[in-house]
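S.K.: I'd like to go over a predicted model; first the sequence, then the structure.
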2 protein chains.
Amino acid sequence: MEIQIAVAKINKHDTVESGDTLEFVERPNGGISVVMADARSSGHAAKAISSSIVHKVINMLADGVRDGAAARAASDMLYTERNGQTSAYLNILSVDLQTCTLVICRNNPTPIYIAFDEKIEFLSGEGTPIGVSRNIRPAISEIALETGITIVTFTDGILNAGKADGLAADIPTLLESLLEEQQPSSQSIADTILAEAIRLDRNKPSDDMSLIVLRVLPRETDAIRRVNIRIPYKIQIED
Amino acid sequence: MEIQIAVAKINKHDTVESGDTLEFVERPNGGISVVMADARSSGHAAKAISSSIVHKVINMLADGVRDGAAARAASDMLYTERNGQTSAYLNILSVDLQTCTLVICRNNPTPIYIAFDEKIEFLSGEGTPIGVSRNIRPAISEIALETGITIVTFTDGILNAGKADGLAADIPTLLESLLEEQQPSSQSIADTILAEAIRLDRNKPSDDMSLIVLRVLPRETDAIRRVNIRIPYKIQIED
């Protein structure tokens, strides 16, 4: 089978830096983790905080620390550094090939959708942000690594898209219609949901938006791992 | 324009862990870096060394350290830790959106191919591995970030493919024929070169193989960054 992870990410309209940071790390006992932090507000200060959190978590995961312990440590560090004055959302999504599970570690109340084939469930509630007090714990869910699973997780920029006009993206319905197609790729699902969120914000995202889609597909594969990154870039003079 | 970075990676035949480690990091002042380390031999010990080097470099880059300084520091750290007994190859390939340049930082004699449209040049020689003595310096090349550039860099598993049979991949010719096509994607170039290397090793790679292809294309784009990761996975019972 093939594990496909796709990310699509756009900055708040007219800002150069995103307050969302999202990085990948190979797990030392096999597999991969995606770490996503969303600091309050956007711009340079928010970027510095979310980037610092993500790199602390990534270093711990690379050293073999379990996801939950890494999230707790990141919370304690942020609490100590900022004296409890700064909070941030943190999600860790891991493909653990040692235990053959998918691990979802949440310090973020933004819902996460999980589809088993076309049946969609979601994780919500709980998910206290890190850094606000001592003893913050993540909400952790473990799912057996099986074909047909799709996980969709995103920052609140996507959840709140359209809010100014009293609108909101109906992600479960959108996801359901996408999954009815013939094995859509993770990237096409991510692109479609992000496009809908941008549309609801009248093509000017009112917050940084990041989205991760993980799928486990029953495809025949070679033994090759592939990563593909696409970064849009405008020469400054053209601006 | 669009910056496309593609990676294709396969383990040495019949080994679970690769001695090559390859990770990405967002640059704090804009852009992205790919850090690739190739420790001598393969398996668990080699993986631990290359992973430790890559994470040290990534943390420095994330903190704003320049590529050359990060490579020197990684060399000094490895030299100190291992008393000069362990060497490793290290490549850092950066898209620096602050200076609008592509930066190639090499502690690896394996050639790097750079195509300006269809004209292919290469960087070779120099490139001392890190960790073997004090005062190791990387070879650094800077190129203006312009459309039409293609950079191909890889570990020696690809360079030495077919060696047992007295063969070798003719990468420049292969790259030239690929670039004659209508704007091939980075991923299709990476896949084709890796497939050729695997074929030369009679479909059983005699070493870990990793390949990075970076292209700067004149495509119209939206403002969305995308990452797509594909990991082949076999359920253990099927083995």
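M.R.: Arrived safely. Residues are numbered from 1 along each chain as shown, chains lettered A, B, ... in the order given.

S.K.: packing partners of the biggest helix by length in chain A?
M.R.: Identified as the longest helix of chain A according to DSSP state H is helix A:44-62. For helix A:44-62, the packing partners by 3 or more CB pairs under 8 Å, 6 or more residues apart in numbering or on different chains; DSSP states H and E come out as strand A:20-26, strand A:31-39, helix A:67-82, strand A:88-96, helix B:44-62. The way it works is simple: take the backbone N, C-alpha and C, and place the C-beta from them, glycine included.

S.K.: does the shortest one reach chain B?
M.R.: Yes - under the criterion of CB under 8 Å from any CB of the partner chain, strand A:20-26 makes contact with chain B via A:Thr21, A:Glu23, A:Phe24, A:Val25, A:Glu26.

S.K.: the helix or strand harbouring A:Gly157 - contacts with which helices or strands?
M.R.: Following DSSP states H and E, one finds A:Gly157 within helix A:156-159. Judged by 3+ CB pairs under 8 Å, 6+ apart, helix A:156-159 is in contact with helix A:186-200, strand A:209-217.

S.K.: winner for burial among the ones you listed?
M.R.: strand A:209-217 (a mean of 25; mean count of other CB atoms under 10 Å in any protein chain shown).

S.K.: quick one on the thing from earlier: off-centre distance for the longest helix of chain A?
M.R.: 14 Å (CA atoms, centre = their mean, to the nearest Å).

S.K.: residues of that helix that come out buried?
M.R.: A:46-47, A:49-62 (16 or more other CB atoms under 10 Å in any protein chain shown).

S.K.: now that helix: average pLDDT?
M.R.: The predicted model assigns helix A:44-62 a mean pLDDT of 94.

S.K.: what angle sits between it and strand A:31-39?
M.R.: Taking axes from the mean of the first three to the mean of the last three CA atoms, to 10 degrees, one finds helix A:44-62 and strand A:31-39 inclined to each other by 160 degrees.

S.K.: in chain A, where is pLDDT below threshold?
M.R.: Along chain A, segments meeting pLDDT under 70 span A:235-239.

S.K.: before we move on, back to that, now render the helices and strands packed on helix A:44-62 as CSV, adding distance to B:Gly166.
M.R.: As requested, these are exported to CSV (distance: least, CB to CB, whole Å):
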stretch, distance to B:Gly166
strand A:20-26, 34
strand A:31-39, 37
helix A:67-82, 48
strand A:88-96, 40
helix B:44-62, 26
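
S.K.: of all the ones you listed, which one is nearest B:Asn228?
M.R.: Checking the helices and strands packed on helix A:44-62 against B:Asn228 by CB to CB gives strand A:20-26 as the closest, at 11.2 Å.

S.K.: what's that closest one in contact with?
M.R.: Contacts of strand A:20-26 with the rest of the structure, by CB atoms under 8 Å, 6 or more residues apart in numbering or on different chains, involve A:5, A:7, A:9, A:32-39, A:47, A:50-51, A:53-55, A:58, A:61-62, A:155, A:157, A:208-210, A:212, B:21, B:23-26, B:51, B:227, B:229.
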